[in-house]
Structures are given as C-alpha cells and as structure tokens.
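Visitor: sequence and predicted structure below; questions after.
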Amino acid sequence: MAICIPAEIIEKVKDIVSKEETSIKREAELTKLLGDNVTAKDVNLLYEKSLLLVHQKLAADRFIENISKEGAEGKAILKEKIAQRFKDRTEKIQQEELLTVAQEIYNKKYKLDISLEDMQVLNKIKIERDALKEKMEGTEDGSIEKMEYGRKAVEMSEFINDLKNPAEKFGFFKTIKSMTMDELTRFEKEKGVIGNMVEAVNMTFDISTSAIAKSFNAAADMSYALKQGLRVFSADKKIWKDAYVEAFKPFRHLTNKEAQIEVFNEFKARLVSNDLYQTAMESKLSIGVIEDYFPTTLAEKLPLVGNVFKASNEAFTMFSQGSRMSLFENLYNKHIKEMTPELAKDLAELSNSISGRGNLGKLEGQSGLLNRLFYSARYIKSTVDLFYKPFDMKLDPIARMEARRHSIKHFSTIATMMYFSSLFTDVGTNPIDSRFGKARIPGTNRWVDLTAGAGSYVTLASRLATGKSMSSSGKITDLSSGRYKSMTKWDVATNWGTNKLAPAPSALVQYLKGRDYSGKKPKLSSSLFNMYSPMSMTNIYEFFNDENETGNVLDSISAMLDIQGMSVSDYDKYK
C-alpha cells in the first residue's frame, strides 16, 4: 500500500533526519516542524528503528562471514534470506507507524478526526490528484489535463467536507430531527433554573434569527443577474455575459439532481484548475465559500421542490464566484509587472466587493451573527465600497485607482439607464424621494430600481443631510419639525436599517412595531408565509393578483425584471 505524507512536510523531515545529529537534537527539530498535534517522537522513533534495522542487517552479514562454514555460494543464499526478512520487517514497521503518523498529519492539516480507513481513501485520492497536477502543468486553462486535475481536487474536497459534515447527507426530515435533538441536548446539559433560562433565550434567538428562513426566502430567483451582477456588468460586460450563461446551467436539470451536482462540480473543477487559483486563495479571494444568501442547504433537501432550491443556490454561487475569479484574473494580469502580495490582496478585495461581497474588516469575526441579523452584511458593505473604496488610503494606489475607475463606470451605467428610461417614462431624480433611481413601469404605480439598491444609500444620506424626506405621493416632510409623531432622522435611519434585515428578524421588528411595510397590522400566518416562501414567487403572485388591473403583459414585465434582480416596488401597496 502506498503511503504519502504531504510533500511540504516529508521533504523537510528528510532534510532533518539526513543530518548526523544526536537523537535528542533531531527530535527537537522535528518538534518545531511538526508542531504540538503531531508527535515528533513517533517520527524520530521510526527513523531510529530504521537505523537499528540497518545496523542489525550489517551485523548479521558480519556474523555470517565470521562463523559460518558455508562456502561463498551458501553464504550468499543465507545473506539473501536474512535480507528478505529484514525487508519484510522494515515494510511492516513503516506501514503501521507511517499510517499513524500520516493520520495525525491529516487530522492537523484538515482539522478533522479521521479514521485510518478514511485516511487511506483520502491518501489515495491525494496521490492521484498530485499526479494529475504534475501532468497538467503548462497546459492551457480548460484543457483536458487541467479539468482532470480539477475534478480530482473537487473529489478530494467533497470527501473532506463529508467527513467534517456527515449531516449533509441526511434527508430533509432527518436533518430537522437532528437539529431538534441538538437543541434539546444543549438544553438538557444546563443545570438549574438560571442555566435553563439562559439556554431558552439562546434557543429563542437561534429560532428567531434562523438561517433557514433566508435560504427559503432567497431561493428560486436569478437576482444575481442585475443586482450583484450590475456591478460586474459595469466592470466587464464579457465577464458578466459568461457568468450569466454559466449560472443558467443548473436550471436546465430541475428533474435530475445528479446532473445538477455534475454541473456544479464541473464549475468548481474549472475554478480550482485555474493557474491563478492558489494565488487567489492566498490573496483571500472569496471562492469556495458559502454565500450569505444561502447559508444552509436544508431547502435543497425538500421533497419535490428541493431541486429548484438547489439550482438557485448553485446558480448564485456560480455567477458570484465565477465572475469574482475572472475579475481578479483580469486585474492581476493587467498589473502583473507591478504585482506584489499586498497588491494582489487589495485586488482580490476589490474583486470580492465588485461581485457583492464586501470586507467587514474588524467585524469579520462577527460575520456569523451579522449574517443572522441581516440579509447580507457583506452586500451592504460592498455597496458602501462603491462610494468609499476610491478614497480608501489603506489600499495600494493601483487598487485604489481601479476602484475609482469601477465606481465611475458603475455610476455612469446607472445614469445612462436613468436617462434612456426618462425618454419614455417617469424616473425619480430627487435624492430625498423614495423613488430616486427608479423608473415607473408605464401604466402602473410600480417602479423599477435601476441602481441595484445603491439609490437607497444616496436617499438615506440626502435625507439625513437636508432634514427633508419625500414620500411616493410627493409629500415633503420636515424631519426636524419636532411635532408629535412626526418623522425624524432617527426614524429614517432605523427604517432604512430594518429594510436590510433577514426575514426572521424583520418579521419580529414588524410585530414589535405593530405594522408591516404596507402599514397593516402583521398576522402570524402571513408573516410565516412571507418568511419561508421564495420572495420572487411571492412578488410574482402579487403582481398577477393586484387589485389594480394592469394587464398580463405589464405583470409579466414586472415579474421578469424583479426575478432578475431589478427590484420592483408597487407603491399602491403603501397608500
């Protein structure tokens, strides 16, 4: 059986043991190399035993020469038999002890508790992957050799993920049962009334900020195309087109889950076989990560409709991370002559931001909590980056120049869309107006957001700066009047923030306020329905069942734009 310890470790081990050092000094150097989790004594002991076997072999040969009465031929046969025995003993020691050492190394490297059997399977996949990696060196992106390597790398990654997250293989109902049992186990472990109360609060928080609602709510749409995608479109239209076409592939296999998995794995194989993949990972480009909009795969496990949820999840990831990698690749190659590790990191951060995933900085450690509270804290930050990055002095000057160039192109794209829309319909141009950056669908009171959400940031800043607010009816409110129950700057800011909340926290805030976004008193049934139903499907239903008849053509236009990410607001609902 072939045994392979990761090359970056075994080569250094060879260097250490090849020196003529004492056993104590050799063990000290091995400890520095292997760390606390891998016992250097085991490696040193293995080497000492190997030396001992070699010395035993030499001693046996000398013994035969000195005492044996056999002739030269007889001595040679005897020596060969002893040599074979020593070889068998050496292989057995190496097989048993190297397996243990390799197991510990894998446990440390991949942060999992791996059995010897699983380690051997993983080891076999790794050997095959490494062989394919050598074979693909120097070939073009997308070549047969690169794709073979990429597929094997994905196979290895999937195997490790299955070891880390065995519950991912559970069905929908078994997953719900497992989650419930985990919560009950946590509750049972607490002792005393106070402990139970604290855990009850924790359980309530977990339920009220559940990521499940967001995953259901965000499913079955293609908002990545003209929401996150609008910035990619501004940066590079070819990257946008290629990513858009790629993201459609999972939707072609809604009745075949295996085909969906194959499509997604092929995408990941192309990603990991890219020549810049390792550089991108070292530069912290957000590829191979879980996107904020789909923090759990539970919805994918639903009977009958699970494939629709899976398709939307994969499509979002393929568009976001595919365009992200392409943006980074373009920027990296454009500035290859000036490239430094620091510049590469800044260009990766800019590529993340352009594709809708901003860097939370010091709050990155709290991303889990923020992702529970908000639909996507990183998307909020990426929108702020449009205004901030061009002036961020922490960025390398080249990265800052590219950020400035992108912001100018992006706002120019929005201005062009607003101008051409104004030729045939109404467009909101007053920054304190709730309809700023939106175009009215003729014949309706539905307004399409042309800014991918950036307009609301301009409106918020304008209202806070001027102390004035304009409603969709054209009424201007003085935010500093001080009159009883009149709107204030605080109300403007909190309303804006509430609109960015995830489905579950948003429903909770509406209950505390006693009204939903349309001003009506929230009902438990409607709140639960809105929390766990796909937002795009809910919007389409409302468009086609509007009390104000607009006609099927306009309803279809509204639905098509909304599902592609150009949010459509029906202001008749807010009257």
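Guide: Alright, I've got the coordinates.
Visitor: so who does residue 494 touch?
Guide: Not one residue lies near residue 494 by Cβ atoms under 8 Å, 6 or more residues apart in numbering. Heads up, the C-betas are built off the backbone N, CA and C, glycines and all.
Visitor: give the buried residues for the helix or strand hosting it.
Guide: Under the criterion of DSSP states H and E, residue 494 resides in helix 489-498. Residues of helix 489-498 classed as buried by neighbour count (16 or more other Cβ atoms under 10 Å): residue 492.
Visitor: pLDDT on that helix, on average?
Guide: Average pLDDT, helix 489-498: 88.
Visitor: swap in stretch 512-532?
Guide: Across stretch 512-532, the per-residue pLDDT values average to 72.
Visitor: ditto for stretch 181-188
Guide: Stretch 181-188 shows a mean pLDDT of 67.
Visitor: can you name the next helix or strand after the helix holding residue 494?
Guide: Note on helix 489-498: by DSSP H and E, the next helix or strand toward the C-terminus is helix 503-513.
Visitor: just the CA atoms of that next one, as PDB, please.
Guide: Backbone C-alpha positions of helix 503-513 (Å, rounded to 0.1, in the frame of the first residue of the first chain) are rendered in PDB as follows:
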ATOM      1  CA  PRO A 503     -36.600  37.600   7.000                       C
ATOM      2  CA  ALA A 504     -37.000  36.300  10.600                       C
ATOM      3  CA  PRO A 505     -35.600  39.400  12.400                       C
ATOM      4  CA  SER A 506     -37.600  41.600  10.000                       C
ATOM      5  CA  ALA A 507     -40.800  39.800  10.900                       C
ATOM      6  CA  LEU A 508     -40.000  40.300  14.600                       C
ATOM      7  CA  VAL A 509     -39.400  44.000  14.200                       C
ATOM      8  CA  GLN A 510     -42.700  44.300  12.400                       C
ATOM      9  CA  TYR A 511     -44.500  42.700  15.300                       C
ATOM     10  CA  LEU A 512     -42.900  45.000  17.800                       C
ATOM     11  CA  LYS A 513     -43.900  48.000  15.700                       C
END
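Visitor: can you list contacts of the helix or strand that it is followed by?
Guide: Moving toward the C-terminus from helix 503-513, the next helix or strand (DSSP H and E) is helix 524-532. Here helix 524-532 makes contact (Cβ under 8 Å, 6+ apart) with 212, 213, 216, 217, 503, 504, 507, 510, 511, 516, 538.
Visitor: could you export the host helix or strand of the third one as PDB, CA atoms only?
Guide: By that I understand residue 216. Counting by DSSP H and E, the element that carries residue 216 is helix 211-217. Taking C-alpha atoms only, helix 211-217 is exported to PDB below (Å, rounded to 0.1, in the frame of the first residue of the first chain):
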ATOM      1  CA  ALA A 211     -30.700  31.000   8.500                       C
ATOM      2  CA  ILE A 212     -33.300  28.500   7.200                       C
ATOM      3  CA  ALA A 213     -35.800  31.300   6.500                       C
ATOM      4  CA  LYS A 214     -33.300  33.300   4.500                       C
ATOM      5  CA  SER A 215     -32.400  30.300   2.400                       C
ATOM      6  CA  PHE A 216     -36.000  29.600   1.600                       C
ATOM      7  CA  ASN A 217     -36.700  33.300   1.000                       C
END
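Visitor: hmm, who's touching it?
Guide: Here helix 211-217 makes contact (Cβ under 8 Å, 6+ apart) with 293-299, 309, 313, 371-372, 375, 502-504, 530-535.
Visitor: which among those end up buried?
Guide: With burial judged by 16+ other Cβ under 10 Å, the buried subset of the contacts of helix 211-217 is 293-299, 309, 313, 371-372, 375, 502-504, 530-535.
Visitor: from what I can see residue 172 touches residue 304, true?
Guide: No - between residue 172 and residue 304 there is no contact under Cβ atoms under 8 Å: 10.6 Å.
Visitor: next SSE after the helix holding residue 216?
Guide: Going down the chain from helix 211-217, the next helix or strand is helix 228-235, by DSSP H and E.
Visitor: that following helix packs against which elements?
Guide: If you count contacts as 3 or more Cβ pairs under 8 Å, 6 or more residues apart in numbering; DSSP states H and E, helix 228-235 packs onto helix 237-247, helix 306-334, helix 341-354, helix 377-388, helix 397-422.
Visitor: sorry, back to before: save the contacts of helix 524-532 as TSV, and put in distance to residue 363 too.
Guide: TSV is the format used below for those (distance: Cβ to Cβ, whole Å):
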residue	distance to residue 363
212	23
213	22
216	26
217	23
503	22
504	20
507	24
510	26
511	27
516	29
538	31
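Visitor: report the two of these separated the most.
Guide: With Cβ to Cβ as the measure, no two of the contacts of helix 524-532 lie farther apart than 212 and 516, at 20.9 Å.
Visitor: circling back: and the helix holding residue 216, how far out from the chain's middle?
Guide: In terms of Cα atoms, centre = their mean, to the nearest Å, the centre of helix 211-217 is found 16 Å from the chain centre.
Visitor: and the contacts of stretch 372-379?
Guide: Residues from elsewhere that reach stretch 372-379 (Cβ under 8 Å, 6+ apart): 209-211, 214, 218, 228, 292-293, 356-360, 363, 367, 370-371, 380, 500-503, 505.
Visitor: how long is it from one end to the other?
Guide: Start-to-end span of stretch 372-379 (Cα to Cα, to the nearest Å) is 14 Å.
Visitor: residue 499 versus residue 414, what's the distance?
Guide: Residue 414 sits 20 Å away from residue 499, going by Cβ to Cβ, to the nearest Å.
Visitor: neighbour count: those two, which is higher?
Guide: Ranked by neighbour count (other Cβ atoms under 10 Å), residue 414 and residue 499 place residue 414 first, with 17 against 12.
Visitor: touching, the more buried one and residue 437? I think so.
Guide: Yes - the criterion here is Cβ under 8 Å, and residue 414 meets it with residue 437 at 6.8 Å.
Visitor: residues shared between the contacts of the two?
Guide: 450, 451, 454.
Visitor: three-state assignment of the second one?
Guide: Following DSSP: H, G, I helix; E, B strand; the rest coil, the label given to residue 451 is coil.
Visitor: ok, the closest residue to it other than its chain neighbours - how many residues close by?
Guide: Spatial nearest neighbour of residue 451, excluding adjacent residues (Cβ to Cβ, 6 or more residues apart in numbering): residue 437 at 3.9 Å. Other residues near residue 437 come to 26 when the count uses other Cβ under 10 Å.
Visitor: distance of residue 437 from residue 286?
Guide: 27 Å.
Visitor: no further queries at this time; thank you.
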